[in-house]
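S.K.: Any chance you could fold what I've pasted below:
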Amino acid sequence: MKKIYIISGERSGDMHASNLVLALKGLDAKIQFRGMGGSYSKEAGVELALDYKDVALMGFIEVIFGFRKVLKYLRWIKKDLKSYRPDALVLVDFGGFNMKVASFAKKLEIPVHYYIPPKVWAWNQNRAYALKENTDKVYSILPFEPAFFKKFGMKVHYVGNPLLDEIKKFKGHDFFHQKNELSFQPIVALLPGSRAQEVTGMLAKMIALVKEFPQVQFVVAGVDSLPASVYELALTQGIRVIYNQTYDLLSHATAAVVTSGTATLETTLFNVPQVVVYRASWISYQIAKRLIRVPYISLPNLIADHQVVRELIQDDFSSTNLREELNCLVADRTYRKGILEGYSLIRSKIGEVSASQQAAQLILGVEASLKNKPR
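M.R.: Numbering: from 1, shown residues only. I've put the predicted structure just below:
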């Protein structure tokens, strides 16, 4: 295999794509990489045909209004893929976009590998048939997925969760508090998301209760890929925003308020009791409520298959509910212990094997020791 085209469409997918590229290079240093991604992929050695920030949208109504823009970039990627003619296409998450690319690639007879498949179990489960038709191999990072896809006649490889790879690489800063001009009060981490729409929508409610918890300090996990203006509300309230130090922040946090997404599992793996929050536009929520077929939206609860952390979604994401939950997270030792016991179950289900290495071996056909079976 000489050339691989790889596509990711947001920050966490870009991070996982970059680790996969590095694992593939470790097995075959001669492989050339091109595709769509962000700074992580570029640093790993991917020649970017397109930066994902030009494409990323969220929410049903936002996607509808941004559809023309998405189609424009989809046409560009298809044209570039046809011109590049890789030996394999590797898709990473970003289901709405990547499923269309998969269908196009199959027509070109390019082998399609899907790493972190679309969450078809959450809504419109018949999309699994399209995934089966348009892919050659699928690599799952959630332990319950292989059993789900088996119902559709698919063999899906569970390769472990790539967040473990990232966390194992993490080395905390020895002087985290001093570096960020923080006091030694207990820290409540605020993780409002990695997209501007998310941060704008979540942050105001998150910081509204800061004055009611004088015994702790609130710190926002910022990302420098977003305009500084999206964090302006926190700064005007005197709340510290620290950039690109989420793992350091979690390693020092007593509790966390986390926007639903990959960060909920990261918070779990750092053993920080959390409350998961989310609010979408009214129309997006009404559509989602009628389509979603799972009882939870957060990864910890989905993996555990029961409620480990509380989810405050849409109207439940109120100041009263957030105040009550945060008080339990900060002050109730029994409540915190229950969450941490749930986290232990989740870690046992995930396993310990390197997802990037396992997926790379399968993509290249190298004999892989898949010890990390879903439980």
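
S.K.: Backbone torsions only: list them for the residue nearest to Glu311 when sequence neighbours are not counted.
M.R.: Nearest residue to Glu311, sequence neighbours excluded (CB to CB, 6 or more residues apart in numbering): Val276, at 4.7 Å. Just so you know, the C-beta spots here come from the backbone N, C-alpha and C atoms, and that holds for glycine as well. Dihedral pair for Val276: phi -100, psi 130, per degrees, to the nearest 10.

S.K.: again with Pro300
M.R.: Backbone torsions for Pro300, taken as degrees, to the nearest 10, come to phi -60, psi -50.

S.K.: how much space is there between it and Asn271?
M.R.: For Pro300, the distance to Asn271 (CB to CB, to the nearest Å) stands at 12 Å.

S.K.: Where do the domain boundaries of this protein fall?
M.R.: Split into domains by automatic domain parsing, the chain comes to 3-161+351-364, 169-350.

S.K.: who does whichever strand or helix holds Leu81 touch, helix- and strand-wise?
M.R.: Leu81 belongs to helix 67-84 when assigned by DSSP states H and E. Applying 3 or more CB pairs under 8 Å, 6 or more residues apart in numbering; DSSP states H and E, one finds that helix 67-84 contacts strand 3-8, strand 32-37, strand 47-51, helix 95-107.

S.K.: Could you provide those in TSV, with additional columns for mean neighbour count and mean pLDDT?
M.R.: TSV is the format used below for the helices and strands packed on helix 67-84 (neighbours: other CB atoms under 10 Å; pLDDT from 0 to 100):
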stretch	mean neighbour count	mean pLDDT
strand 3-8	25	98
strand 32-37	24	98
strand 47-51	16	96
helix 95-107	19	95
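
S.K.: Kindly reformat the ones you listed as a markdown table containing distance to Val156.
M.R.: As requested, the helices and strands packed on helix 67-84 are exported to a markdown table (distance: least, CB to CB, whole Å):
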| stretch | distance to Val156 |
| --- | --- |
| strand 3-8 | 19 |
| strand 32-37 | 22 |
| strand 47-51 | 28 |
| helix 95-107 | 14 |
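
S.K.: So which of the ones you listed is nearest Gly365?
M.R.: Gly365 sits nearest to strand 3-8 of all those, at 13.2 Å, using CB to CB.

S.K.: That closest one: what's the following helix or strand?
M.R.: Downstream of strand 3-8 (by DSSP H and E), the next one is helix 11-27.

S.K.: buried stuff in that next one?
M.R.: By neighbour count on 16 or more other CB atoms under 10 Å, the buried set for helix 11-27 is 11-24.

S.K.: Mean confidence (pLDDT) on that helix, please.
M.R.: Per-region confidence: helix 11-27 scores 94 on mean pLDDT.

S.K.: That helix to strand 32-37, inter-axis angle?
M.R.: For helix 11-27 against strand 32-37, the angle by axes from the mean of the first three to the mean of the last three CA atoms, to 10 degrees is 170 degrees.

S.K.: Now do helix 11-27: which elements does it pack against?
M.R.: Counting contacts by 3+ CB pairs under 8 Å, 6+ apart, helix 11-27 is packed against strand 3-8, strand 32-37, helix 39-44, strand 88-92, strand 112-115, helix 162-169, helix 355-364.

S.K.: Not counting its own residues, what contacts the third one?
M.R.: Translated: helix 39-44. 6, 8, 11, 14-15, 17-19, 21-22, 25, 33, 35, 48, 225 (CB atoms under 8 Å, 6 or more residues apart in numbering).

S.K.: And stretch 83-93, by the same measure?
M.R.: With contacts defined as CB under 8 Å, 6+ apart, stretch 83-93 is touched by 1-10, 12-14, 16-17, 20, 34-35, 49, 81, 98, 101-102, 105, 108, 110-116, 118, 363.

S.K.: on that earlier part again, which two in the buried residues of helix 11-27 are spaced the farthest apart?
M.R.: Spatial extent of the buried residues of helix 11-27 (CB to CB) is set by the pair Arg11 and Leu24 at 20.5 Å.

S.K.: Need the contact partners of the helix or strand hosting Tyr247.
M.R.: If you go by DSSP H and E, Tyr247 is part of helix 246-252. Identification of contacts with helix 246-252 by CB under 8 Å, 6+ apart yields 166-167, 170, 172-173, 176-177, 187, 189, 191, 219, 221, 242, 256, 263, 266-267, 270, 272.

S.K.: So which of those residues are in strands?
M.R.: 187, 189, 191, 219, 221, 242, 256 (DSSP state E).

S.K.: from the residues you listed, which is closest to Phe152?
M.R.: Using CB to CB, the shortest approach to Phe152 within the ones in strands among the contacts of helix 246-252 belongs to Leu191, at 33.7 Å.

S.K.: what sits against the closest one?
M.R.: Leu191 neighbours (CB under 8 Å, 6+ apart): 221, 246, 256-259, 263, 267.

S.K.: so what pLDDT did the most centrally placed residue in the chain get?
M.R.: Closest residue to the average C-alpha location of the chain: Thr262 at 3.2 Å, with CA atoms, centre = their mean. Turning to Thr262, the model gives it a pLDDT of 89.

S.K.: Give the closest residue to it in space, chain neighbours not counted.
M.R.: Spatial nearest neighbour of Thr262, chain neighbours left out: Ser12 (4.2 Å); criterion: CB to CB, 6+ apart.

S.K.: is it true that Lys179 touches His173?
M.R.: Yes: Lys179 lies in contact with His173 (CB atoms under 8 Å); the separation is 5.8 Å.
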